[in-house]
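Chemist: My questions are about this predicted structure, shown below with the sequence.
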Amino acid sequence: MNLRSLLTNHSCNVCGKILLGIAYQDWSGNRVCKEHNKCFCSSCGRYYGAKATEIVSGEWLCENCKNNLPDKAGVEKTVSYIRTFYKQHGLEVQSHVVLKGVTAAQMARLYSSDVRGYVELPPSSDGYHIIVRRYLARAVLAMVLSHELLHVWQYEHHIYPPAAICEGFCNLGSYLIMQSIHTPTAMGQIELLNGDTDPIYGEGFRTMRTMYEQNGLPAVIAYMKSFR
Ligand SMILES: [Zn+2]
Ligand SMILES: [Zn+2]
Ligand SMILES: [Zn+2]
């Protein structure tokens, strides 16, 4: 290892200052100084690095996410990828879905700063409205939409399980979609899911994933249908 790479490996991802003593690390292995431990990419959750872009007030994107923002056609492709994957796995979503993009600030006002998407229920006459954060990289958008589409699927089938099973099942869908996309950003989303300590979203996910690993997806689907 030469001196240059030694310094690169041990400097703050945001300000470039050499890290001595305490350093903070994200899921991708990037490290920052104490001062920059809040500098997360608003899309993927990495530290956003020195080449970050403030895409809209308060929302910073890492270079990777900035370069992977889908255009309208890319969004449509992402939706159809998820729908096709689900259909092939016995989770066909029948309804028309309308996406509405909002900023993080708008999402906080509309619903919560903790979520990146939600489905408006009951559906409107023109289908299910999914409100989703704008400025998400393609894989992160897929993470959010694959979760929300399984809420639609549950609603279509009149399935009303306890919250941890409902959300855990949606997160299992995201997990399967991320496994199938398998880019570093997608695998990072799984890392974040694995580290989620929330009793509903995190524990619920681990319960459903265990069921999936032990019994397979058809058994999970049958279990979900028992909540009709
Ligand atoms: Zn720093
Ligand atoms: Zn990012
Ligand atoms: Zn949910």
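Modeler: Cool, got the structure. Ligands and ions are numbered 1, 2, ... in the order given.

Chemist: in this protein, which ranges drop under the pLDDT threshold?
Modeler: Applying pLDDT under 70 to the chain flags the ranges 1-9.

Chemist: Show me what from it comes close to ligand 1.
Modeler: Proximity of the chain to ligand 1 (C-beta under 5 Å from the ion) is limited to residues C12, V14, C15, C33, H36. In short, each C-beta sits where N, CA and C put it, glycine included.

Chemist: Reformat those as a markdown table; add neighbour count, distance to ligand 2 and secondary structure.
Modeler: As requested, the residues of the chain next to ligand 1 are exported to a markdown table (neighbours: other C-beta atoms under 10 Å; distance: C-beta to the ion, whole Å; DSSP: H, G, I helix; E, B strand; the rest coil):
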| residue | neighbour count | distance to ligand 2 | secondary structure |
| --- | --- | --- | --- |
| C12 | 23 | 17 | coil |
| V14 | 21 | 13 | coil |
| C15 | 12 | 18 | coil |
| C33 | 21 | 19 | coil |
| H36 | 18 | 15 | helix |
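
Chemist: Closest one of these to A142?
Modeler: The closest of those to A142 turns out to be V14 (C-beta to C-beta; 26.7 Å).

Chemist: any idea how far R83 is from the residue nearest to that closest one when sequence neighbours are not counted?
Modeler: Sequence neighbours aside, H36 is the residue nearest to V14 in space, at 3.9 Å (criterion: C-beta to C-beta, 6 or more residues apart in numbering). To R83, H36 is 39 Å away according to C-beta to C-beta, to the nearest Å.

Chemist: Same check on R109?
Modeler: 29 Å.

Chemist: The two - which one has more neighbours?
Modeler: Using other C-beta atoms under 10 Å as the criterion, R109 and R83 rank with R83 on top: 18 against 10.

Chemist: neighbours around the residue nearest to the more buried one when sequence neighbours are not counted, how many?
Modeler: In this structure, R83 finds its nearest non-sequential neighbour in V93, 5.8 Å apart by C-beta to C-beta, 6+ apart. If you count neighbours by other C-beta under 10 Å, V93 ends up with 20.

Chemist: Renumber starting at 45 from here on
Modeler: Noted, 45 is the first residue going forward, which turns the last one into V137.
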